[in-house]
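Novice: Here's my sequence, what's the structure:
(2 chains)
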Number of protein chains: 2
Amino acid sequence: LVDSQPAVVVFDVFGTVVDWRGSVMAAGANLAGHLERSIDWGMFAAEWRREGYLRPIMEVFTGQREWVPVDRLLEDCLGVLLRRYRLGHLAEADRLQLLSVWRRLTPWPDAVAGLTRLKARYLIGPLSNGGFALLTEMAKAGGLPWDFVISTELFRAYKPASEVYTGAARLLQRSPEEVMLVAAHASDLDAARANGMRTAYVPRPREWGPVSRSEPDMVTDRFDIVARDFLDLSDQLGA
Amino acid sequence: LVDSQPAVVVFDVFGTVVDWRGSVMAAGANLAGHLERSIDWGMFAAEWRREGYLRPIMEVFTGQREWVPVDRLLEDCLGVLLRRYRLGHLAEADRLQLLSVWRRLTPWPDAVAGLTRLKARYLIGPLSNGGFALLTEMAKAGGLPWDFVISTELFRAYKPASEVYTGAARLLQRSPEEVMLVAAHASDLDAARANGMRTAYVPRPREWGPVSRSEPDMVTDRFDIVARDFLDLSDQLGA
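Specialist: Below you'll find the predicted structure:
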């Protein structure tokens, strides 16, 4: 157990709580009957994540572009990808079905059980670059038992901007040290730590596919907790 | 059943979901052992609600004063009341305990069961003038099973300002007609309705005390639903 406990535990969502890649692949497979040829949906998912989410969000963070809702970023990128994969003829209903997968991402196998344990002892909620509606609908679809939903949309900014971490603590009326961020990404945790939050690193080595991308030599001793999964995290937090 | 269902059901909280008066009275009774004389905690509660909440919120709404967080309004008023009731000598721990009652208000007897049923079919959450942290902690203490928390703090405004209703619908990415407000107060419902939301009126005739304040002749046919309590509301919404 850590020495002193946080009051609130907030979570990165994409990759940390839910398996975006597997979910997009499953949505693609569902479309397969409508298509004439097979698509590498794993690659499709990775490109969508990188070009429709990570890259434009970083451009907003660095001031290269104005803030726009994440839904718009994902939808614009989907248009590019459908052309790239020669799926421009996709029926509108199929396109919308594919787009909506981001609201139905499947939790990692340990996520709901771990969150349920943590909820019994802590206030828990997402602190995610996903939109407020997206996160709310995803929780309903996947059974994520949040006490509250904090989207960076509330601050018209994206992680890792400082105002997101400080703004979340302010909304919760807690000092940053009373809030712990759980994430599978060191960059997110480093920003949280720089803004005074506690940190828990839960690597998700299969976020990008079946070939493990864990970084065995990564130095993690700057984080308050390193946990194998949300059940181990619950153990370490006494929940 | 109503003809077409909303997608999201939002709730006024103070008086509609929770019994603020009974809760303040109980908190006062807990203090009684520390006090030399008895206090009319029912009157104390009513004055706190009126002078520390309803009146200053209306002053913010009408532009007579700047927006400040509701916690500040309640705390400032508590200072006034403690002097008025000659409780200025109250220990700081007792004062803080009394102040925190607003984060532990007791749900009406039908509330948790009704919300649990509604949650199985709808996205549900508060749309309250209570602060984000206050609403989150109250839900935890009282077992209110919200999918999300929307405080008017997110808009730095108070109901019945239009931007609160339109802002909530925008965050949820729903048209106002897809959102239903449940409240025990016609003025709140009228503002929601003026901004396009559906409305459900659930009178709480004992909000202000044991003498029923229902208004039997009040015209309610402008509301989409009139329900006796949250169980009746669940029935009418097919949940």
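
Novice: measure residue A:91 to residue A:29 for me?
Specialist: Separation of residue A:91 from residue A:29 (CB to CB, to the nearest Å) stands at 17 Å. No exception for glycine: its C-beta is placed from N, CA and C like everyone else's.

Novice: who does the longest helix along chain A touch, helix- and strand-wise?
Specialist: For chain A, the longest helix by residue count, based on DSSP state H, is helix A:70-84. Where contact means 3 or more CB pairs under 8 Å, 6 or more residues apart in numbering or on different chains; DSSP states H and E, helix A:70-84 is packed against helix A:41-49, helix A:55-61, helix A:92-99.

Novice: and that helix, average pLDDT?
Specialist: Helix A:70-84 comes out with an average pLDDT of 97.

Novice: Please put the alpha-carbon coordinates of that helix into PDB.
Specialist: Extracted in PDB, the C-alpha atoms of helix A:70-84 (Å, rounded to 0.1, in the frame of the first residue of the first chain):
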ATOM      1  CA  VAL A  70     -12.600  15.100 -30.800                       C
ATOM      2  CA  ASP A  71     -15.600  13.700 -32.600                       C
ATOM      3  CA  ARG A  72     -14.800  16.000 -35.500                       C
ATOM      4  CA  LEU A  73     -11.200  14.900 -35.600                       C
ATOM      5  CA  LEU A  74     -12.300  11.300 -35.700                       C
ATOM      6  CA  GLU A  75     -14.900  11.800 -38.400                       C
ATOM      7  CA  ASP A  76     -12.600  13.900 -40.700                       C
ATOM      8  CA  CYS A  77     -10.000  11.200 -40.400                       C
ATOM      9  CA  LEU A  78     -12.500   8.500 -41.200                       C
ATOM     10  CA  GLY A  79     -13.300  10.200 -44.500                       C
ATOM     11  CA  VAL A  80      -9.600  10.200 -45.400                       C
ATOM     12  CA  LEU A  81      -9.200   6.600 -44.400                       C
ATOM     13  CA  LEU A  82     -12.200   5.400 -46.400                       C
ATOM     14  CA  ARG A  83     -10.800   6.900 -49.500                       C
ATOM     15  CA  ARG A  84      -7.300   5.500 -48.800                       C
END
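
Novice: Show me which positions of it end up buried.
Specialist: For helix A:70-84, burial by neighbour count (16 or more other CB atoms under 10 Å in any protein chain shown) applies to A:70-71, A:73-74, A:77-78, A:81-82.

Novice: same deal with stretch A:108-125?
Specialist: Of all the residues in stretch A:108-125, those buried under the rule 16+ other CB under 10 Å are A:108, A:110-112, A:114-119, A:122-125.

Novice: among those, which are in reach of chain B?
Specialist: A:123, A:125 (CB under 8 Å from any CB of the partner chain).

Novice: Okay, and which of the buried residues of stretch A:108-125 map to strands?
Specialist: Counting by DSSP state E, these place A:123-125 in strands.

Novice: can these go into CSV with extra columns for pLDDT and distance to residue B:168?
Specialist: Compiled in CSV, these are given as follows (pLDDT from 0 to 100; distance: CB to CB, whole Å):
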residue, pLDDT, distance to residue B:168
A:123, 98, 21
A:124, 98, 22
A:125, 98, 18
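
Novice: if we take those, which one ends up nearest to chain B?
Specialist: For these, the closest approach to chain B (CB to the nearest CB) belongs to residue A:123, at 6.1 Å.

Novice: so that closest one bridges to which residues?
Specialist: residue A:8 (DSSP bridges).

Novice: now the buried residues of stretch A:108-125 as TSV including distance to residue B:141?
Specialist: Formatted as TSV, the buried residues of stretch A:108-125 follow (distance: CB to CB, whole Å):
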residue	distance to residue B:141
A:108	30
A:110	28
A:111	25
A:112	23
A:114	23
A:115	19
A:116	18
A:117	19
A:118	17
A:119	13
A:122	14
A:123	11
A:124	15
A:125	16
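
Novice: returning to that earlier point: could the helices and strands packed on helix A:70-84 go into JSON lines alongside mean pLDDT, mean neighbour count and distance to chain B?
Specialist: Below are these laid out as JSON lines (pLDDT from 0 to 100; neighbours: other CB atoms under 10 Å in any protein chain shown; distance: least, CB to the nearest CB, whole Å):
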{"stretch": "helix A:41-49", "mean pLDDT": "97", "mean neighbour count": "19", "distance to chain B": "20"}
{"stretch": "helix A:55-61", "mean pLDDT": "97", "mean neighbour count": "17", "distance to chain B": "19"}
{"stretch": "helix A:92-99", "mean pLDDT": "95", "mean neighbour count": "14", "distance to chain B": "13"}
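
Novice: How about residues contacting stretch A:227-239?
Specialist: A:1-2, A:5, A:9, A:108, A:110-111, A:113-115, A:117-118, A:120-122, A:182, A:200-202, A:225 (CB atoms under 8 Å, 6 or more residues apart in numbering or on different chains).

Novice: Please report how far residue A:161 lies from chain B.
Specialist: Remark: distance between residue A:161 and chain B (CB to the nearest CB, to the nearest Å) = 18 Å.

Novice: Report the separation between that residue and residue B:171.
Specialist: Noted for residue A:161: a distance of 19 Å to residue B:171, by CB to CB.

Novice: mind listing what the residue lying closest to residue A:51 once chain neighbours are set aside touches?
Specialist: Nearest non-adjacent residue to residue A:51, counting by CB to CB, 6 or more residues apart in numbering or on different chains: residue A:77, 5.2 Å away. Contact partners of residue A:77, counting by CB under 8 Å, 6+ apart, are A:48, A:51-53, A:56.

Novice: show me what contacts residue A:97?
Specialist: Neighbours of residue A:97 in contact, by CB under 8 Å, 6+ apart: A:27, A:30-31.

Novice: Tell me which of those fall in helices.
Specialist: Going by DSSP H, the helices hold A:27, A:30-31 from those.

Novice: Just the buried ones out of the residues you listed, please.
Specialist: Among these, the ones that count as buried by 16+ other CB under 10 Å are A:27, A:31.
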